[in-house]
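In: Sharing a sequence plus its predicted fold:
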Amino acid sequence: MDKPFYVDYHDREWGVPVHDDRHFFEMLILEGAQAGLSWLTVLSRRDQYRAAYDNFDVEKVASYDDAKQAALLADSGIIRNRLKVVSSVRNAQIFLDIAEEFGSFDAYIWRFVDGKPVINHWNAIGDVPVTTKVSDALSKDLHKRGMRFVGSTIIYSYLQATGLVMDHTTDCFRYRELAGN
């Protein structure tokens, strides 16, 4: 891959366990924006998303009114899809509800993997599934709470991105670092 930002994301972030609610929210917005697109497309716009979404301040995003949503839809730096923009605001509101209910979003989400990362041992990228029972369960719960753009495939990518699931292949240097081998 000849995209430095993508290599940096793989080498420093992907698969690393997250315990920061702001980062959880950022990745929820970005993974939802990816629906129907490539991760490279979204990741290349990450800085524009940070600017457009007030550095992913969930409380600010939860309070976005129609005018702010219209401004997002006019922002050529992000994916300008009405359903994705509207759902990002609703998802922020639900994210806050979850954080209030459980003390933090971190406390809520880590319950789905019993508080520790799932370390997989895939030999090839083609072995990595696109959904699992864990992503199915989390997706179902988020849907039940009213979130959108949280289907099981999106949620599995989210789990990988936030380190609840570590899917670096066994021949990757990050596998050895993150799996503790």
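Out: Ah, there it is. Not measured: the values here are computed from a predicted model.
In: Just list the residues touching the spatially closest residue to residue 30 that is not a sequence neighbour, thanks.
Out: Of all residues not flanking residue 30 in the chain, residue 42 sits nearest, at 5.4 Å (C-beta to C-beta, 6 or more residues apart in numbering). In this view, the C-beta of every residue, glycine as well, is placed from N, C-alpha and C. Each residue near residue 42 by C-beta atoms under 8 Å, 6 or more residues apart in numbering is listed here: 30, 33, 34, 49, 79.
In: Apply 7 Å and report the result again.
Out: Going by C-beta atoms under 7 Å, 6 or more residues apart in numbering, residue 42 touches 30, 33, 34, 79.
In: The second one: how many residues sit nearby?
Out: Using other C-beta atoms under 10 Å, the number of residues around residue 33 comes to 24.
In: before we move on, what about the one 10 residues further on?
Out: For residue 43, the count of nearby residues is 20 (other C-beta under 10 Å).
In: got it, and residue 151?
Out: Neighbours of residue 151 (other C-beta under 10 Å): 17.
In: what about it, distance to residue 56?
Out: For residue 151, the distance to residue 56 (C-beta to C-beta, to the nearest Å) stands at 21 Å.
In: What strand or helix carries the most centrally placed residue in the chain?
Out: Geometric centre of the chain, nearest residue: residue 27, 3.0 Å, by C-alpha atoms, centre = their mean. Assessed by DSSP states H and E, residue 27 sits inside helix 21-34.
In: Then residue 158?
Out: helix 152-161.
In: How about residue 15: what's its closest non-neighbour residue?
Out: What sits nearest to residue 15 in space, not counting adjacent residues and going by C-beta to C-beta, 6+ apart, is residue 166, at 4.5 Å.
In: where exactly do the strands run in the chain?
Out: All strands of the chain, identified by DSSP state E, fall at 118-119, 165-166.
In: taking the mean pLDDT, what do you get for the last one?
Out: Averaged across strand 165-166, the pLDDT comes to 98.
In: thinking again about what came up before, need the strands of the chain in JSON lines with mean neighbour count, can you?
Out: JSON lines is the format used below for the strands of the chain (neighbours: other C-beta atoms under 10 Å):
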{"stretch": "strand 118-119", "mean neighbour count": "16"}
{"stretch": "strand 165-166", "mean neighbour count": "23"}
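In: and those strands as a markdown table, adding distance to residue 159?
Out: Shown next, in a markdown table, are these (distance: least, C-beta to C-beta, whole Å):
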| stretch | distance to residue 159 |
| --- | --- |
| strand 118-119 | 8 |
| strand 165-166 | 4 |
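In: so where is this structure shaky, pLDDT-wise?
Out: 1, 181 (pLDDT under 70).
In: Where do the helices of it begin and end?
Out: Here the chain has its helices, by DSSP state H, at 4-12, 21-34, 39-43, 46-52, 58-62, 66-74, 82-102, 105-110, 133-145, 152-161, 173-179.
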